[in-house]
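S.K.: Give me a model of this one.
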Amino acid sequence: MTKHDATPDRLELVDRGSGQVIATSKELGPTAAIQLFKNSRRPFDEVDIYRVRAGRRELVTGRPHESGLRGMMADAGVIEYSPLQSFEEASRVDDAVMVIEGDYGGQIHATAPIRLVACAQTRLDLLARELEAVAWPSLPDADSVNVLYERLPVGALVAGGMGGGVITDGIWVHEEFRQLGLAKAIADVVQARETKLPSPQPDVPPELVDRVVTSERTPSHGCLDSET
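M.R.: Sure thing, here's the model as predicted:
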């Protein structure tokens, strides 16, 4: 934390190379930070977000193995967040989970206890990009999506947009992908039962595909049991 200035509290989106402030927001919450990222259309590794409060400037992003959204929420005291740096580290922790996060934290695509993840990291990364292309085809590049590891117990919620996510005993998949008929295929890829993700085959009428139901579903509605 460094001394900066006495101007009003704000978030600053800063170019990591030059240190130039690209954009600011008077709102200090995670939603405002995500919007700064989206509007800038810049890759995660080129920018940082700083929170300026009472004239003091604090870096709140810039850790590539962490969720920018959940990191900022933890910094603000909203949630507890215990990120892990890699699959290797996660595989040594009993309550470790894998989270596929898209839309800069605006959607949780899938979660799984680390013990159920059998495919290679490269395939997980590709799966994340495939899911992002399905859910957010208008995003300019793959920097909006990430495969992350953290510590969470079964039953915990994963903070994120579009209803967030849930940690279960199985592989949880966001309702949008279930509507598109991809839930089992995603689980099969994660567990190395299949290598390819098929094209979406909606199991709801076409006019309902884009109306994602999240507010009233229970955790089990988005989960595939590990024995499926």
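S.K.: what helix or strand is the spatially most central residue of the chain on?
M.R.: By CA atoms, centre = their mean, the mean C-alpha position of the chain lies nearest to Glu101, the distance being 2.2 Å. Per DSSP states H and E, Glu101 falls inside strand 96-102.
S.K.: before we move on, what SS does Ile49 have?
M.R.: What DSSP: H, G, I helix; E, B strand; the rest coil gives for Ile49 is strand.
S.K.: give me the number of residues near it?
M.R.: Neighbours of Ile49 under the rule other CB atoms under 10 Å: 24. In short, each C-beta sits where N, CA and C put it, glycine included.
S.K.: same deal with Ala110?
M.R.: What Ala110 shows, counting by other CB under 10 Å, is a neighbour count of 28.
S.K.: Val134 sits in which helix or strand?
M.R.: Using DSSP H and E, the element containing Val134 is helix 121-135.
S.K.: Helix or strand next in line after the lowest-mean-pLDDT helix or strand in the chain, which one?
M.R.: Least confident helix or strand of the chain, by mean pLDDT, DSSP states H and E, is strand 2-3 with a mean of 44. Moving toward the C-terminus from strand 2-3, the next helix or strand (DSSP H and E) is strand 10-15.
S.K.: chain center to that following strand, what's the gap?
M.R.: 20 Å (CA atoms, centre = their mean, to the nearest Å).
S.K.: contact partners of the strand holding Glu101?
M.R.: Contact with strand 96-102 is made by 67, 69, 84, 87, 89-90, 107-114, 117, 124, 127-128, 131-132, 135-136, 144-152, 158, 160, 165, 167, 190, as judged by CB atoms under 8 Å, 6 or more residues apart in numbering.
S.K.: Are we agreed that Ala32 is in a strand?
M.R.: No: assessed with three-state DSSP, Ala32 is helix; it does not lie in a strand.
S.K.: does it really touch Leu11, like I thought?
M.R.: Yes: using CB atoms under 8 Å, Ala32 is in contact with Leu11, at 5.8 Å.
S.K.: picking that back up, among the contacts of strand 96-102, which lie within strands?
M.R.: Cross-referencing these against strands under DSSP state E gives 84, 107-113, 146-151, 158, 165.
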